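1. after the sequence you'll find the predicted model.
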Amino acid sequence: MSSSVATRILNYLQPRLNRRSVAFLLCLLLSGLFWVLTSLSKEYVDEVDIPITYQNLPDDLLIANQPTAVVKAKVKGFGFDLLWHWLQFDKLEIPVKADPMELASIRRKGREYHYILTRYKYGRMESIEANQLEILSITPDTLFLVFTPKFTKLVPVKLNAAISFSKQFGMVSDAVLVPDSILLIGPQQTIDTISFVLTEPQSWLGLNESLTAEVQLKKLAGLSYVRLSQTNVQVELNVVEFTEGSVTVPVRVESDRPETVKIFPSEVEIKYQVPLSGYDEVDADQFLATVLLNAQSLGSVSLPVSLDRQPADVKQIRIIPPQVEFIIQK
């Protein structure tokens with residue numbers, strides 16, 4: 001299809017193209033190229049965004065306010081240099097020494113602010129491949145920094161996830177997070193109010209096999225100056241196939257005089273879900289069913305059965321019947 005279309009186009013153009021028209025097109029192309037080169041060789045003034053990088057911050061301090069991350073700079077340079085910048089081939093940045101010992105400071109409302117005047121950043125900036133831009137002005141004209149002592153605190157990570165399983169599947173233990181705790185780095189009065197960190201919301205539905213995933217930690221809203229020792233954790237879900245089992249166990253009476261209490265029935269059936277691989281390892285001796293007879297329950301006609309002991313891997317336990325009747329023999 002494409003070759004036939006190209007053939008038809010050539011057949012259409014060949015009789016209409018001559019040396020004069022080809023020469024005209026070449027001249028038009030060359031003049032356009034010459035105009036572009038001439039334009040780019042001229043100097044221009046333009047406004048660009050330049051990131052600020054804060055350097056030389058002492059290890060025991062951190063910046064407690066939201067520092068200016070990007071400034072608007074009026075720059076002068078040749079068209080080639082500006083084009084190079086706009087195409088993002090050249091990453092310009094303005095370095096700032098964030099050491100309070102080297103910065104001027106003022107006090108406002110009882111708080112000390114260190115500042116940098118951006119006019120001292122005017123002038124030439126060397127960029128890659130010897131291209132240059134001259135900074136004429138920068139907005140804002142002053143950068144303010146507030147320093148505070150750095151503190152750390154270890155807090156647990158909590159999984160924020162919607163999890164469901166296919167029929168007969170489930171987990172024998174809680175989700176494992178690696179690591180299960182991270183360090184908060186920030187002002188003491190701020191991190192003391194944080195007791196845990198959540199993961200970003202996850203949705204794992206209809207699982208029928210184990211899962212391992214890297215998940216991002218949720219950013220602390222409004223606390224951009226508090227850093228996390230890491231930004232993600234590994235989540236491990238141990239998903240196994242379950243099967244149903246049941247055992248019949250005697251019910252033990254807990255009372256001041258248990259020998260005088262007779263219950264009906266004296267045994268209950270316990271139904272449960274257990275991992276298929278551990279089905280043969282569960283027996284009745286691993287369960288302990290009890291009823292409690294005390295002054296509060298004497299006025300009742302039946303006693304609820306509770307399970308005081310069970311294997312660690314079983315889940316979705318049902319006791320049949322859940323209550324037993326009793327009489328007290330004299």
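-> Looks like it came in fine.

2. beta partners of V75?
-> Going by DSSP bridges, V75 is paired in beta bridges with D46, I135.

3. is it true that it touches E43?
-> No: counting by C-beta atoms under 8 Å, V75 stays clear of E43, with 10.6 Å between them. To be clear about C-beta, it is placed using only N, CA and C from the backbone, and glycine gets the same treatment.

4. look at the two and report which has more neighbours.
-> V75 (22 against 11; other C-beta atoms under 10 Å).

5. for K72, helix, strand, or coil?
-> The three-state label given to K72 by DSSP: H, G, I helix; E, B strand; the rest coil is strand.

6. check whether it really touches L136, as I assumed.
-> No: look at K72 against L136 with C-beta under 8 Å: they stay out of range, at 11.5 Å.

7. which of the residues in the helix or strand containing T248 are buried?
-> Using DSSP states H and E, T248 sits within strand 239-254. Residues of strand 239-254 classed as buried under the neighbour-count rule (16 or more other C-beta atoms under 10 Å) are 239-240, 242, 245, 247, 249, 251, 253.

8. that strand pairs with which strands, and in what direction?
-> strand 169-171 (antiparallel), strand 267-275 (antiparallel), strand 288-292 (parallel).

9. quick one on the thing from earlier: a markdown table please, covering the buried residues of strand 239-254 and showing pLDDT.
-> Formatted as a markdown table, the buried residues of strand 239-254 follow (pLDDT from 0 to 100):
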| residue | pLDDT |
| --- | --- |
| V239 | 94 |
| V240 | 93 |
| F242 | 94 |
| G245 | 94 |
| V247 | 95 |
| V249 | 96 |
| V251 | 94 |
| V253 | 91 |
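
10. between these, which sits nearest L57?
-> L57 has its nearest neighbour among the buried residues of strand 239-254 in V239, at 45.2 Å by C-beta to C-beta.

11. just list whatever residues bridge to the closest one.
-> Beta-bridge partners for V239, by DSSP bridges, are M171.

12. which stretches of the stretch 151-300 of the chain have low pLDDT?
-> Residues of the stretch 151-300 of the chain meeting the criterion pLDDT under 70: none.
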